[in-house]
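Colleague: Fold the following.
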Amino acid sequence: MTTRSAQFAMPEVAAILQRATYTFGLLTIQGVSTCLYLCMDACGFLYANKDLTDDCVFEEHIEENNYNTYSRIRGGKKTFLALDNRGRARRTQIPVSRPLGNLSGYALTLTHRWAGPRQSQCPPRRHRGKLKRPPPFHRNCQRRVQKQNLRKRKHKKANDPKKKRHPKARRKHGHENSTTTTTEVGWDESTMSTMSTTDAEFFRSATAQEAVAHA
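Modeller: All right, here's what the predicted structure looks like:
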């Protein structure tokens with residue numbers, strides 16, 4: 001079992017993996033030399049475990065180009081078994097609705113029949129038995145993912161524009177609406193004729209005072 005980026009390299013015996021059917025559409029991957037199961041925790045990181053746990057069961061998808069992909073779905077995201085260009089484990093996680101796209105070069109795998117000798121005989125697989133719990137470190141990883149999702153939900157609620165209020169902006173907006181604007185009115189003789197004698201005298205005196213003040 002090799003990735004697309006390293007399909008022409010001759011694999012070592014310690015790096016050979018074998019597949020075994022678990023249920024319909026699900027399988028387990030086990031090392032030929034070490035008999036350890038290949039597992040993936042909730043954070044998407046790979047690890048080896050001697051016991052078969054829920055982290056060690058993968059979904060197999062046969063692609064159109066005769067390549068296979070192995071993945072797990074958790075928390076609305078799909079995490080693939082992938083290797084980088086140097087043959088090291090690469091964490092590849094995308095949303096369920098998103099295609100692999102440019103990341104397919106890391107996740108696509110080829111299967112070959114191994115004709116060489118096996119260094120050790122693995123114990124019988126306990127596929128029918130109850131799955132054991134993952135190691136403590138990887139169980140804590142799942143707790144960290146839950147805390148991260150909780151923080152993301154709180155952050156999303158805090159930044160929701162529909163629920164976020166701006167009291168200062170409202171007060172400022174209300175203050176702007178409460179201000180009145182004054183417009184200049186031109187006074188002519190027709191306007192003066194409609195005014196009473198007292199009003200006309202007051203208007204002339206006020207106009208004279210303003211002229212003196214501006215002079």
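Colleague: Phi, psi for the residue nearest to residue 62 when sequence neighbours are not counted please.
Modeller: Nearest residue to residue 62, sequence neighbours excluded (C-beta to C-beta, 6 or more residues apart in numbering): residue 68, at 5.8 Å. Quick note: C-beta positions are derived from backbone N, CA and C, even for glycine. Main-chain torsions, residue 68, degrees, to the nearest 10: phi -120, psi 150.
Colleague: can you count the residues close to residue 68?
Modeller: 16 (other C-beta atoms under 10 Å).
Colleague: which ones are touching it?
Modeller: Listed by C-beta atoms under 8 Å, 6 or more residues apart in numbering, the contact partners of residue 68 are 60, 61, 62, 108, 109, 110, 111.
Colleague: low pLDDT regions in the chain?
Modeller: 1-12, 117-132, 135-140, 142, 144, 157-215 (pLDDT under 70).
Colleague: residue ranges for the helices of it, please.
Modeller: Using DSSP state H, the helices of the chain run over 104-107, 136-158, 167-178, 189-194, 197-214.
Colleague: Give me the buried positions along the shortest one.
Modeller: Translated: helix 104-107. Residues of helix 104-107 classed as buried: 104, 106, 107 (neighbour count, 16 or more other C-beta atoms under 10 Å).
Colleague: Could I get the contacting residues of residue 36?
Modeller: Contact analysis of residue 36 by C-beta under 8 Å, 6+ apart lists 30, 48, 49, 50.
Colleague: Go again with 10 Å.
Modeller: 17, 29, 30, 47, 48, 49, 50, 51, 56, 122 (C-beta atoms under 10 Å, 6 or more residues apart in numbering).
Colleague: got a winner among these for most neighbours?
Modeller: Among the contacts of residue 36, the one with the most neighbours (other C-beta under 10 Å) is residue 56, at 24 neighbours.
Colleague: And that residue, how far from residue 100?
Modeller: 22 Å (C-beta to C-beta, to the nearest Å).
Colleague: Same question for residue 26.
Modeller: Residue 26 is 20 Å from residue 100, by C-beta to C-beta.
Colleague: Surely residue 57 and residue 26 touch.
Modeller: Yes: using C-beta atoms under 10 Å, residue 57 is in contact with residue 26, at 5.1 Å.
Colleague: Common neighbours of these two, please.
Modeller: Joint contacts of residue 57 and residue 26 (C-beta under 10 Å, 6+ apart) are residue 72.
Colleague: between the two, which one's more packed in?
Modeller: Set residue 57 next to residue 26 and count neighbours by other C-beta under 10 Å: residue 57 wins out with 19 against 12.
Colleague: for the spatially closest residue to residue 37 that is not a sequence neighbour, what are its contacts?
Modeller: Nearest non-adjacent residue to residue 37, counting by C-beta to C-beta, 6+ apart: residue 56, 4.2 Å away. Shown in contact with residue 56 (C-beta under 10 Å, 6+ apart): 22, 27-30, 36-40, 47-49, 72, 131-132, 134.
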